[in-house]
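Asks: Sequence below, structure please.
(chains A and B)
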2 protein chains.
Amino acid sequence: MAKILIKNCVIIPMEKELADPGERYFTGEIAVSGRRIVHVGPQGTVSSDFQAERVIDGTGKVALPGLINAHTHAAMTLLRSYADDLPLMQWLEQRIWPLEANLTPEDVYWGTKLSILEMLKAGITTFADMYLFMEQVAQAVQEGGMRASLARGIVGGERGLAALRETEELADKWHGFEEGRITVMFGPHAPYTCPPEFLKEVVKKAKQSGLGIHIHLAETLDEVQRIKNRYGKLPVELMEEVGLFEVPVTAAHCVHLEPHEINILRDYNVKVVHNPESNMKLASGIAPVPEMLEAGVTVALGTDGAASNNNLDLFGEMRAAALLHKVNKLDSTVISAYQALQMATRAGAKALGLEDLGVLKAGYKADLILVDLEKPHLYPRHDIVAHLVYAVQAADVDTVMVDGRILVEKGQVLSLDEEEIYRKVKEASDRLTGQH
Amino acid sequence: MAKILIKNCVIIPMEKELADPGERYFTGEIAVSGRRIVHVGPQGTVSSDFQAERVIDGTGKVALPGLINAHTHAAMTLLRSYADDLPLMQWLEQRIWPLEANLTPEDVYWGTKLSILEMLKAGITTFADMYLFMEQVAQAVQEGGMRASLARGIVGGERGLAALRETEELADKWHGFEEGRITVMFGPHAPYTCPPEFLKEVVKKAKQSGLGIHIHLAETLDEVQRIKNRYGKLPVELMEEVGLFEVPVTAAHCVHLEPHEINILRDYNVKVVHNPESNMKLASGIAPVPEMLEAGVTVALGTDGAASNNNLDLFGEMRAAALLHKVNKLDSTVISAYQALQMATRAGAKALGLEDLGVLKAGYKADLILVDLEKPHLYPRHDIVAHLVYAVQAADVDTVMVDGRILVEKGQVLSLDEEEIYRKVKEASDRLTGQH
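Replies: Okay, the predicted model is just below:
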């Protein structure tokens, strides 16, 4: 059990949901023992019994909980910038799906490793993935050292039943790995690709296994229209009817909601993942995030896949969320910097059912990052929370710790071979696009 | 006259306004002699007479024209993150203006130096500034090595007449400095702060001196309402009436425009500067950029001041512009990556009346940047233009050349003392906010 002391850094614990500006950060120290934070406090307050094996000087840096990317398709990094500025159906049908049809398990392994490399460097410590060949994804997560919630994406029908069995096998092997560094969820793709009877089967299996559900919900107007035409209901209404919300649900997007659907989400404690850059890039629409927060819905943040973003940078998502809703409401007070930072940390932990995560506090998992403030765009230092949302770059991340283990130091990822990943990704990408 | 050859890099010349994906970039070399580009072509095509004093290996990098920040208030970096998530008038009246009232010439000098440090590191080679104590701004630009178009911000009335004289003195000393590295414009602040009679005086002086005008125009609904109430006209109509558009005009914002006002801007060849992040953060509104581009108006990009952004990062503005208008129009084909990159390069040059800038082509000014592609978020390489708009970070900028002179190498600014700037900015900021 390694004992690490981080001294003399600005600390943003994110413990309080509401905090006055003066309460948001202070200068102090953080003690970590094994997988857990054991102390967070002002300088010189750690117990004299705590014998650090390593002391990190945090001068000029700010410590905050590791960022949580609550919705992505990690291996889609292989398709990054492969198809942009196209109408949605042309993007999917002519570009994304044909390439995805040729993906091999090894491609997904290397694509996921690339995503882990990128996310770690950007201060993301946990991600929630929905994709295929999840055994390879789990291996990449095991090796890369990140925390992840894994869901095999499932489309209804015969293949869907096989994918449900795959999920159960994945859970048998990986759910709870290393005291919960890896967890597993069921991943029914969306209401329009999973018929009600199939979703009922998923709910049954989720109840049996105790796993949660990760689903896309109300992402596009087209989806809402299809569900209305087929079932005479709105997507959230339909999901309530099939009993989906009787188990813990992480619902990505939730762009097109009527007010009473927001209340349904709130009443069932459904967790929503907002993906502002993907929703903007695919022109899906603007999710009613201020309304959801006002109603008391937990709203986390995600990048979605790199094919519709095109990076995996939650600092960018925080900024996009804070800026987009201000202009959409013509109200500059909507989604404050502190709220955006909450969405990327403690709300992300809640969204994935990881209760002792997302806050810097004794007893919580030791997932944290240090951001280097010695940059021109982070001077002067009137408000460090505002800096992290409105001014920072992912490249400012200096140190990343997951589960008490230091994975990034001075911006370099220690757990992965960068050159090997680039080489393997280039090979996979050349083969997929027919360039040799 | 230094001769520099950059070899073996991907080159995005931005020469064509419309370019098929295959025509947007190629691998080749760029030769620079003194302040000018003398050759751009495939590998091995530079004349054998060209004797490079220095050869830069561009392997793994992409060369593009230096980015042009066509509207900012550089020294407002001193107020970065000093006031966020507040209603506009409270932001201005209770936070920004009181602090600005205490600014000294030395503060503006150091604030501008901080902005130059930040902009250079982010690949910005030219900026258009509107602020006060412009003599100090010019000195900072001279020393930092950037290209700049400087305008003393002018509010109508007695003090306005003095500020007009200041502008003339500034132009006498600096306009055309180093073959145009520094140019000067008149900077009447906005239609609601400069009455028509005063603006007519500005136009008269602009005609006499041959200088252009840099103005804020139609930024907020409040401005439109004030102008309507006072003059019974819309802001662009009023500006046409006072004759403003009879001289070259760079108009920042243009958020609230009626369709016929777009036609007026087009007919007079007024250049518009879009500031998407500032407009979003201050909840000003969404400028009709697709409509302006469709009408044939030149639209450049700006960061606005760091107090409303909160960084000076044009990559972020490109991304914001491309994403915001897609979701606003519910059309994922609006503002392509290539269009966004044009707004930040060749359109910026046009907006500031700098005709031989913003394109990598023999005869043009040698302002260019190299972006390092060896980053996880820039793998694989399906489309490098899309990477630069949707995936890149400012920190990926490796090399920056302005006017033939290398100012940034491996991300380090050669022309400025970083530590000294941080120290001076901290002193100024502590004094301004009363912390000692």
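Asks: C-alpha from now on. contacts and neighbour counts both.
Replies: Noted.
Asks: so what's the nearest residue to residue A:308 once chain neighbours are set aside up against?
Replies: Spatially, and ignoring its direct neighbours in sequence, residue A:308 is nearest to residue A:278 (5.2 Å; CA to CA, 6 or more residues apart in numbering or on different chains). If you count contacts by CA atoms under 8 Å, 6 or more residues apart in numbering or on different chains, residue A:278 has them with A:303-304, A:308-309.
Asks: what's in contact with the strand or helix carrying residue A:159?
Replies: Under the criterion of DSSP states H and E, residue A:159 resides in helix A:158-174. Residues outside helix A:158-174 that contact it (CA under 8 Å, 6+ apart) are A:134-135, A:138, A:151-154, A:182-186, A:202.
Asks: ok, residue A:212 touching residue A:185?
Replies: Yes: assessed by CA atoms under 8 Å, residue A:212 is found in contact with residue A:185 at 5.0 Å.
Asks: Pop the domain breakdown of chain A in here.
Replies: Domain assignment for chain A by automatic domain parsing gives A:3-65+A:359-413, A:67-351.
Asks: Pipe those domains into CSV and attach distance to residue B:253 per row.
Replies: What follows is those, written out as CSV (distance: least, CA to CA, whole Å):
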stretch, distance to residue B:253
domain A:3-65+A:359-413, 20
domain A:67-351, 14
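Asks: Please pick out the residue of chain A most distant from its centre.
Replies: Distance from the C-alpha centroid of chain A peaks at residue A:48, with 36.8 Å (CA atoms, centre = their mean).
Asks: Surely that residue forms part of a strand?
Replies: No: under DSSP: H, G, I helix; E, B strand; the rest coil, residue A:48 falls outside any strand and is assigned coil.
Asks: From residue A:5, how far out is it?
Replies: Relative to residue A:5, residue A:48 is positioned 12 Å away (CA to CA, to the nearest Å).
Asks: The host helix or strand of residue A:423 packs against which elements?
Replies: For residue A:423, the enclosing helix or strand under DSSP H and E is helix A:418-433. For helix A:418-433, the contact count by 3 or more CA pairs under 8 Å, 6 or more residues apart in numbering or on different chains; DSSP states H and E identifies helix A:105-121 as packing neighbours.
Asks: at 10 Å instead, please
Replies: On a contact count with 3 or more CA pairs under 10 Å, 6 or more residues apart in numbering or on different chains; DSSP states H and E, helix A:418-433 meets helix A:97-101, helix A:105-121.
Asks: is it true that the residue nearest to residue A:308 lies in a helix?
Replies: Yes: assessed with three-state DSSP, residue A:278 lies in a helix.
Asks: Let me know the pLDDT of residue A:436.
Replies: Here, the pLDDT recorded for residue A:436 equals 53.
Asks: thinking residue A:279 is in contact with residue A:305, fair?
Replies: No: using CA atoms under 10 Å, residue A:279 makes no contact with residue A:305, being 11.3 Å away.
Asks: Could you tell me the single residue of the stretch 101-250 of chain A that sits nearest to chain B?
Replies: Across the stretch 101-250 of chain A, no residue is closer to chain B than residue A:118, which sits at 5.2 Å (CA to the nearest CA).
Asks: Pretty sure that residue sits against residue B:375.
Replies: Yes: with contacts counted by CA under 10 Å, residue A:118 reaches residue B:375, the gap being 8.1 Å.
Asks: between those two, who's got more neighbours?
Replies: residue A:118 (24 against 18; other CA atoms under 10 Å in any protein chain shown).
Asks: Now that one. Nearest residue, chain neighbours left out?
Replies: residue B:376 is the one closest to residue A:118 (CA to CA, 6+ apart), at 5.2 Å.
Asks: So what's the residue count around the one you found?
Replies: Counted with other CA under 10 Å, the neighbours of residue B:376 add up to 22.
Asks: any chance you could map the helices in the stretch 201-350 of chain A?
Replies: Secondary structure of the stretch 201-350 of chain A (DSSP state H, counting those that start in this stretch): helices located at A:221-231, A:235-241, A:259-267, A:276-281, A:289-295, A:314-329, A:337-343, A:346-351.
Asks: could you dump the ones you listed to CSV with distance to residue B:194 and mean pLDDT?
Replies: Converted to CSV, those look like this (distance: least, CA to CA, whole Å; pLDDT from 0 to 100):
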stretch, distance to residue B:194, mean pLDDT
helix A:221-231, 46, 97
helix A:235-241, 53, 98
helix A:259-267, 45, 98
helix A:276-281, 37, 98
helix A:289-295, 37, 98
helix A:314-329, 27, 98
helix A:337-343, 34, 98
helix A:346-351, 47, 98
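Asks: which one of the ones you listed lies closest to residue A:407?
Replies: Residue A:407 lies closest, by CA to CA, to one member of the helices of the stretch 201-350 of chain A: helix A:314-329, at 17.9 Å.
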